[in-house]
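Participant: sequence first, then the predicted structure:
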Amino acid sequence: MLRRELIVQMVQGYGETAVRFVFVAALISWISFLAAFHKNRYRMRCGLLFLLSVFLTYADAVLFNFSFSRGSGLIAITSLILILLFLMGFILFLLILFYNGVVLLIREGLHFQNFLSLILIGHLIATPLIINYASVITGNSFLQILVGVNGILTVYLILAAVIYVTSSLLVILTPQISPVDYVIVLGCGLVDGDRITPLLMGRVDKGIALYRKDPRRTVMIMSGGQGKDETIPEALAMKNYAVSQGVEESHIRMEDLSTNTLENMKFSRKMIEAEGGKHVLAAYATNRFHQFRAGAYAYKCGLFIRGVGSRTKSYYELNAAVREYIAMLARDWKIHLVVLSLLLIPYLIAVIFWV
């Protein structure tokens, strides 16, 4: 009896220490997240810190309940439900990805960028099958190494995608809602050379909605140059549409030299500063799937601003989000290369010595 009581006391003692340790770790993680989000919400580290904070908070609750035998059954059931929801959500995601990919090809045409959703789902399904089949391969060590490398890359890209989606949602859920002095509307191509597309119309409409919060104060900057297949600059087409929607022409500026998002932000900032607006409140308007990357470029150009994002057709938005994710990976390729090297080099060394 004494031995049993001693074991229980030891478990509770270690449990209490673990609870305190994880609580402090969770508190530090939440403080780090809030500080990083306040400084620059357009970094994937914000999503990483947020997910880490949630995980540590939940882990602390689990440790507390198991250490002091308070609702252990409830915690176990909750954990099981969360795992099942995750698995069901992943399967649902694959089905939606497949549906959106097919619909996009039918409505938008057989262009490479429209195949991204189907390529992604094919890779996600093929990877576990390849790993399972590779386990029975005995005569080709090089092939087994390639399969292992592919598995590590796939897991890393999935985790990076989860972090990216979390980071993007944090930005989308904290838009600019108060009136501003300037709202930068980002261009994205014209149809028939001189008319704005539904995608671009959504951006302008979002900018107009922010403009109407204080039309006497707010100036709209239409940002977009003229492409090779366009007869007029995007900025002019956007201005014409905004005027048709009741925006005062004197409250519209045109930035018609930019060719990408980075130049949108850089040249628009110069226009604001040229009007003596170094200490003004500004925002940007784009599509929701583009909101995170646009904000990152704004921050890079010294524009510490928030944005508003318009919704797009569901079948298009998911594929566009995949493109944005790839673009963010490409932008920070050096960081991802370092992290992948830290994962792959030990694996390759271990495999070489094991073989």
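Facilitator: On my side now, so go ahead. Numbers count the residues shown, from 1 in each chain.
Participant: ranges for the helices of the stretch 51-200 of the chain?
Facilitator: For the stretch 51-200 of the chain, helices defined by DSSP state H, counting those that start in this stretch occupy the ranges 72-108, 116-134, 141-172, 198-211.
Participant: which elements pack onto the third one?
Facilitator: What it means is helix 141-172. helix 44-67, helix 116-134, helix 291-300, helix 314-331, helix 333-354 (3 or more Cβ pairs under 8 Å, 6 or more residues apart in numbering; DSSP states H and E). Just so you know, the C-beta spots here come from the backbone N, C-alpha and C atoms, and that holds for glycine as well.
Participant: any idea which of the ones you listed is most buried?
Facilitator: Most buried of the helices and strands packed on helix 141-172, by mean neighbour count (mean count of other Cβ atoms under 10 Å): helix 291-300, with a mean of 23.
Participant: check which helices and strands it sits against.
Facilitator: For helix 291-300, the packing partners by 3+ Cβ pairs under 8 Å, 6+ apart are helix 141-172, helix 261-274, strand 282-287, strand 306-310, helix 314-331.
Participant: just checking: what are the partner strands of the shortest one?
Facilitator: Okay, so that is strand 306-310. strand 282-287 (parallel) (DSSP bridges).
Participant: with only the CA atoms kept, save the partner strand in PDB.
Facilitator: Output in PDB follows, covering the C-alpha atoms of strand 282-287 (Å, rounded to 0.1, in the frame of the first residue of the first chain):
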ATOM      1  CA  ALA A 282      -3.200  53.400 -46.100                       C
ATOM      2  CA  ALA A 283      -4.500  50.000 -47.100                       C
ATOM      3  CA  TYR A 284      -4.600  47.800 -50.200                       C
ATOM      4  CA  ALA A 285      -7.400  45.900 -52.000                       C
ATOM      5  CA  THR A 286      -6.900  42.600 -53.700                       C
ATOM      6  CA  ASN A 287      -8.500  39.200 -53.900                       C
END
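Participant: so it versus helix 198-211, what angle?
Facilitator: Taking axes from the mean of the first three to the mean of the last three Cα atoms, to 10 degrees, one finds strand 282-287 and helix 198-211 inclined to each other by 150 degrees.
Participant: alright, that wraps it up for me.
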